[in-house]
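*Asks:* Take a look and give me a structure for this.
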Amino acid sequence: MAGIAIVVGCDTSGPDNSRDHVEKMTAEALGPFILVLFGCRSAVLMRAQIGMLGISLAFGLAIFAAAYGLGAISGAHLNPAVSLGIVAAGRMSVAEFLGYAVAQTIGAILGVGVVYLIASGKADYVLATKGLGKNGYGAGYLGEYSLSAALVFEAVMTFIFVTVILGATGSGAAPGFAGLAIGLTLAAIHLVGINVTGVSVNPARSIGSAVFVGGTALAQLWVFIVAPLAGGLVAGRVYKAGVTRAA
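*Replies:* Numbering: from 1, shown residues only. Now for the predicted structure:
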């Protein structure tokens, strides 16, 4: 459990040797792979059995497990919006952020690919109608919320999510509990938001689904890149300014 104390709080200021870099990129790809495999798979294959509560818990438990399992290697960001918030908070360089974001996106795409391979093994599965845990808004998508509602929800919820992460992993935080706080926060966000956008708060996760589903999911993808990144950036800047940071 000691490793979780450094989740998204690891020292990224010094130069990595090549092995450390490979390990970090591998961990940052594996984390979103785990998140998507459990979270999106629950939405695609088990919605009727477990409902929105079960899906919310699947996402929260997945990030809880990934944080404790991978936190000591890379910080377990698992999300470009989180990594950008950490850059804005002064804990990470822009160059390393770019590497993390690429690895996270690759991991999410691979995770959705595995979900598709499993889902397509069911006779009545149709990609166009069942999707792959895609995010969206507007007519025909879950609660049919507007574009403005989707933008506000994703930006605000990502701000809250990244604020929790920075606080739970910063100085003065109770050691060993960051993964629990992060997992519960993500589950809570899903509980209140699945019907709005399907909940992204993670551009990599949205890109993974949209690449396979195409169509409207790709056309609306910009919302689930721009809004979470904006929310993460603001959370990082507010934290760095000391507003949400322990003295």
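
*Asks:* mind checking how far the helix or strand bottoming out on mean pLDDT in the chain is from the chain centre?
*Replies:* Using mean pLDDT, DSSP states H and E, the weakest-scoring helix or strand in the chain turns out to be helix 127-130, at a mean of 78. Distance of helix 127-130 from the chain centroid (Cα atoms, centre = their mean, to the nearest Å) equals 23 Å.

*Asks:* Which neighbouring elements make contact with it?
*Replies:* Applying 3 or more Cβ pairs under 8 Å, 6 or more residues apart in numbering; DSSP states H and E, we find helix 127-130 packed against helix 203-213. The C-beta positions use only the backbone N, C-alpha and C, and glycine is treated the same way.

*Asks:* The helix or strand following the helix it packs on: which residues count as buried?
*Replies:* Going down the chain from helix 203-213, the next helix or strand is helix 215-219, by DSSP states H and E. Residues 216-217 are the ones in helix 215-219 that count as buried (16 or more other Cβ atoms under 10 Å).

*Asks:* Would you mind confirming that Gly179 is in contact with Gly60?
*Replies:* No: under the criterion of Cβ atoms under 8 Å, Gly179 makes no contact with Gly60, lying 10.4 Å away.

*Asks:* which residues do these two both contact?
*Replies:* Shared contacts of Gly179 and Gly60 (Cβ atoms under 8 Å, 6 or more residues apart in numbering): none.

*Asks:* tell me the angle of the helix or strand following the least confident helix or strand of the chain relative to helix 203-213?
*Replies:* The first helix or strand that comes after helix 127-130 along the chain, using DSSP H and E, is helix 147-169. Interaxial angle of helix 147-169 relative to helix 203-213 (axes from the mean of the first three to the mean of the last three Cα atoms, to 10 degrees): 140 degrees.

*Asks:* Show the contacting residues for the spatially most central residue of the chain.
*Replies:* The centroid of the chain falls nearest to Asn202 when counting by Cα atoms, centre = their mean (3.8 Å). Neighbouring residues of Asn202 by Cβ under 8 Å, 6+ apart: 32, 35, 78-82, 108, 228.

*Asks:* Kindly indicate which of those lies nearest Gly214.
*Replies:* Ala108 (15.9 Å; Cβ to Cβ).

*Asks:* in which helix or strand would I find that closest one?
*Replies:* In this assignment (DSSP H and E), Ala108 forms part of helix 94-119.

*Asks:* packing partners for that helix?
*Replies:* If you count contacts as 3+ Cβ pairs under 8 Å, 6+ apart, helix 94-119 packs onto helix 18-45, helix 80-88, helix 203-213.

*Asks:* Quick check: which of the ones you listed is nearest to Lys122?
*Replies:* Nearest to Lys122 among the helices and strands packed on helix 94-119 is helix 18-45 (7.7 Å), distances taken as Cβ to Cβ.

*Asks:* What are the buried residues along whatever helix or strand comes next after that closest one?
*Replies:* The element immediately downstream of helix 18-45 (helix or strand, assigned by DSSP H and E) is helix 47-74. For helix 47-74, burial by neighbour count (16+ other Cβ under 10 Å) applies to 52, 55-74.

*Asks:* now stretch 110-123
*Replies:* 110-113, 115-116, 119.

*Asks:* Now render those as a markdown table, adding pLDDT and distance to Leu221.
*Replies:* What follows is the buried residues of stretch 110-123, written out as a markdown table (pLDDT from 0 to 100; distance: Cβ to Cβ, whole Å):
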| residue | pLDDT | distance to Leu221 |
| --- | --- | --- |
| Leu110 | 97 | 18 |
| Gly111 | 96 | 17 |
| Val112 | 96 | 13 |
| Gly113 | 96 | 17 |
| Val115 | 95 | 18 |
| Tyr116 | 95 | 17 |
| Ala119 | 92 | 20 |
